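Peer 1: below are the sequence and a predicted model; questions follow.
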Amino acid sequence: MSKKKLGLNTICAHVGEIKDEQFKGAVSPIYLSSSYEFLDVDIKRYPRYFNTPNQEYLSKKIAALEGKEMAMIFGSGMAAISHMFLAFLKAGDHIVVQNTIYGGTSNFIREEFPKLNIEFTFTNGYNVSDFEAAIKPNTKLIHIETPSNPLLTITNIKAVADLGKKEGIITSIDNTFASSINQTPGDFGVDLIMHSATKYFGGHSDICAGAVAGSKEHMDKIWNVSKNLGGSLSDFTVWMLERSMKTMGLRVEKQTKNAYKMAKWLEKNDAVKNVFYPGLKNHPEHKLAKSQMHGFGAMLSFELKDDLDSVKFQKALKLIKASMSLAGVESTVLSPAQTSHSLLSQEERDAIGITDGLIRFSVGIESVKDLKNDINQALKQL
Ligand SMILES: *Cc1c(COP(=O)(O)O)cnc(C)c1O
């Protein structure tokens, strides 16, 4: 990149604004047209071509955050990931996938790829040797997720990107959990970076969207498939997403600070057996996380002591909501065994360490003392 990179908060606040030339308004106008003139124009615009003004401009913000040439915005995180995979995989090709990934991604691969004759291997672990061992002559893509859901394992981004380069295989990462604020995988050479924008990009639990960033060459390939699959986002929601992303840095920085404090506090709590958070010194990949993340993120998981009922605990919380999804300004908890990983068998869950008592905690922007008080009062009820 020749342009000197702006700070992440500046990018959040400014990059990709549409100048309101007509009325000089301070924020981007919304262009809801689904029909644009085609004569004498540079770009033939159409919503499903991912190139309406709001889509085009917000993509610039996402590309700038990830330090990539281009980005595209999709109707959901799964639309982003499925369109990305299908752009680089055809019948007879093979993908290597990290074993500990988002349940929806894993289901997509297991349910849809056999129909398309696309081969896949889920790794045995998340060391670079596990990825290397899974590569076949027809491997076209290696997909990682770090920090992972829900156990916050850390994969060495540079090691996997280097492996891809050495073998001539494209690498992709699900950067949702870290968000663009806490991790810039492109700095380590990863080709494609995807997000569920439903999470930190949106941040207020009221938007469903997705995004992918990459080189122009790679994004052109994704566009070619995406215009056929049609998973674009409505311009009104794109505009909402732009508004949300302006404060992403502030939100995520505060959430990350809160998560660190909560992890330290939970670690010392007598009712808690285990805390999984890359910011803790006893996390197995703490040093690696420190070397590749700007911050340790705002997601953590913990297990209550065996005799404590985690479902009862979640019901007893008053401020922290037991709810699906994550990354909102409000703190939420959930049981992965009953939600994101419920489609896996008990055996499969046990194999990847997702116990029935595991609680995933998406830490919000609240005052930490209130979060602690809420957990204390819930524990007292058990
Ligand atoms: C939520 C999520 C997705 C899927 O995103 P949707 O917006 O729900 O389609 C993918 N990856 C991760 C890590 C997620 O948390």
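Peer 2: Happy to help now that I have it.

Peer 1: all contacts plus neighbour counts: C-alpha atoms, from now on.
Peer 2: Will do.

Peer 1: contact residues of the stretch 201-350 of the chain facing the ligand?
Peer 2: Within the stretch 201-350 of the chain, the positions near the ligand by C-alpha under 6 Å from any ligand atom are 208-210.

Peer 1: I'd like to know how far Ile62 sits from the ligand.
Peer 2: Distance of Ile62 to the ligand, computed by C-alpha to the nearest ligand atom, to the nearest Å: 16 Å.

Peer 1: per-residue confidence at the closest residue to that residue other than its chain neighbours?
Peer 2: Once flanking residues are discounted, Ile62 sits nearest to Ala71: 6.2 Å by C-alpha to C-alpha, 6 or more residues apart in numbering. Note on Ala71: pLDDT of 98.

Peer 1: got it, and Lys4?
Peer 2: Listed pLDDT for Lys4 reads 69.

Peer 1: same check on Pro336?
Peer 2: pLDDT, Pro336: 89.

Peer 1: now do the contacts for it.
Peer 2: Pro336 makes contact with 150, 342, 354, 356, 358-360, according to C-alpha atoms under 8 Å, 6 or more residues apart in numbering.

Peer 1: distance of Lys60 from Ile101?
Peer 2: Note on Lys60: its distance to Ile101, by C-alpha to C-alpha, to the nearest Å, is 27 Å.

Peer 1: contacting residues for the residue of the stretch 51-200 of the chain found nearest the ligand?
Peer 2: The nearest approach of the stretch 51-200 of the chain to the ligand comes at Gly77, 3.4 Å away (C-alpha to the nearest ligand atom). Counting by C-alpha under 8 Å, 6+ apart, Gly77 touches 194-198, 208-211.

Peer 1: so the residue nearest to Ile62, which of the three states?
Peer 2: Under the three-state scheme (DSSP: H, G, I helix; E, B strand; the rest coil), Ala71 adopts strand.

Peer 1: and it, how many neighbours?
Peer 2: Neighbourhood size, Ala71 [other C-alpha atoms under 10 Å]: 29.

Peer 1: okay, and the beta partners of it?
Peer 2: Bridge pairing for Ala71 (DSSP bridges) gives the partners Ala213.

Peer 1: go through the contacts of Pro336 and flag which are in strands.
Peer 2: Filtering the contacts of Pro336 for membership in strands, criterion DSSP state E, returns 358-360.

Peer 1: check contacts around the residue nearest to Ile62.
Peer 2: Contact partners of Ala71, counting by C-alpha under 8 Å, 6+ apart, are 59-60, 62-63, 211-214, 219.

Peer 1: adding distance to Met299 and neighbour count, write the residues you listed out as CSV.
Peer 2: As requested, the contacts of Ala71 are exported to CSV (distance: C-alpha to C-alpha, whole Å; neighbours: other C-alpha atoms under 10 Å):
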residue, distance to Met299, neighbour count
Ser59, 25, 26
Lys60, 27, 21
Ile62, 21, 28
Ala63, 24, 23
Ala211, 20, 27
Val212, 21, 32
Ala213, 23, 30
Gly214, 25, 24
Met219, 29, 21
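
Peer 1: pLDDT-wise, which helix or strand of this protein ranks last?
Peer 2: Using mean pLDDT, DSSP states H and E, the weakest-scoring helix or strand in the chain turns out to be helix 346-351, at a mean of 84.

Peer 1: for that helix, buried residues please.
Peer 2: Across helix 346-351, burial judged by 16 or more other C-alpha atoms under 10 Å covers Arg349.

Peer 1: same question, stretch 77-96
Peer 2: Buried residues in stretch 77-96 (16+ other C-alpha under 10 Å): 77-89, 93-96.

Peer 1: and it, average pLDDT?
Peer 2: Across stretch 77-96, pLDDT averages out at 98.

Peer 1: ok, stretch 46-64 next?
Peer 2: Averaging pLDDT residue by residue across stretch 46-64 gives 98.

Peer 1: contacts for the host helix or strand of Ala259?
Peer 2: Using DSSP states H and E, Ala259 maps to helix 248-267. Under the contact criterion C-alpha under 8 Å, 6+ apart, helix 248-267 has outside partners 8-9, 12, 179, 181, 200-201, 203, 272, 274-277, 279-280, 295-300, 302, 329, 363-365, 368, 372.
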